[in-house]
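Engineer: Sharing a model that was predicted from the sequence below.
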Amino acid sequence: MTSTSLTFVEAIDFGMQMSLAPSIRSHTSFETARKWVNQCLGHHELCRRKNHKGNIPKRLMCVEQDRGTMELSAHISYGGSLPADTQYLSVSHCWGLEKFVTTTRERLPFFEKSIPIDKLPSTFQDALVATIELGYHYVWIDSLCIVQDDLEDWLTEASKMADVYRHAVCNLSIAGFSNGIQGFLLKRRHNNPTLPIVNLELDHLEHGSNGLYVIAEESAAEDVVHQPLFSRAWVRMNSVDSY
């Protein structure tokens, strides 16, 4: 059991979001996520300075949506044929013990034309949905963008994974699931915490004042590092210091 550190934030002066949409798959949830990504790219100095040009993986999944039927389609594209400023998402997930469709030498020519989305595990299907909903068309997933039974391709492309994640405009970290079967765009959240607001009289404190305050965790992302994804050595080693 871990202890939780709480902080009081003045509700009037801090325009914070007080609750989450009940469905992760909802339009409201994706609208919030788009705002977060845009705020990051537009206002965070390190993110603005990040140079994506020319740093495109060898292969990406190209995702498109039919405007009439709203159905998704996908195929493998080659980074060398794309504009230098092409932006892409990446996916970090636990493979688990269940077998699922991957790119092999035999399947590669077919996947270059079309990937059977309905045959993909739910996590990958959700990643394609998230890619479109966040306003992008390209996503990198290791098991589909690296030819799994080609040792030369695997050794070459796996050695570049750090750069793939570094230059992705956003990484979809599927932290809370131990395999790709369940998916992550839940129709209903397991929990939907709402931040409590209290009316406090703080005149006796040096920096306090009367008014409405929000009670929030000082580090809301602290619990993330205890999820299944962070049991993977390279994920924990490279990410734990970020929280």
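Structural biologist: Ah, there it is.
Engineer: and stretch 45-60, how far apart are its ends?
Structural biologist: End-to-end span of stretch 45-60 (CA to CA, to the nearest Å): 27 Å.
Engineer: Show the average pLDDT along it.
Structural biologist: For stretch 45-60, the mean pLDDT works out to 76.
Engineer: Can you point out the helix or strand that includes L172?
Structural biologist: strand 170-173 (DSSP states H and E).
Engineer: any idea of the mean pLDDT for that strand?
Structural biologist: 86.
Engineer: Kindly report the same for stretch 98-108.
Structural biologist: Rounded mean pLDDT across stretch 98-108 is 93.
Engineer: So for the longest helix seen in the chain, what gets flagged as buried?
Structural biologist: The longest helix of the chain (DSSP state H) is helix 27-43. Across helix 27-43, burial judged by 16 or more other CB atoms under 10 Å covers 29-30, 33, 37. Backbone N, C-alpha and C define where each C-beta goes, glycine included.
Engineer: now stretch 148-167
Structural biologist: For stretch 148-167, by 16+ other CB under 10 Å, it's 153, 157, 161, 164-165, 167.
Engineer: can you list the domains in the chain?
Structural biologist: 1-19+193-226, 27-187 (automatic domain parsing).
Engineer: Quickly, which of these bottoms out on average pLDDT?
Structural biologist: Looking at the domains of the chain, the weakest mean confidence is domain 1-19+193-226, a mean of 55.
Engineer: If we only consider the buried residues of stretch 148-167, which is nearest to L41?
Structural biologist: Nearest to L41 out of those is H167 (CB to CB; 13.1 Å).
Engineer: all strands for this structure, in order.
Structural biologist: Taking DSSP state E, the strands of the chain run over residues 6-10, 59-65, 72-78, 89-92, 138-140, 170-173, 197-200, 211-217.
Engineer: hmm, back to that, who does the strand holding L172 touch, helix- and strand-wise?
Structural biologist: With contacts taken as 3 or more CB pairs under 8 Å, 6 or more residues apart in numbering; DSSP states H and E, strand 170-173 sits against strand 89-92.
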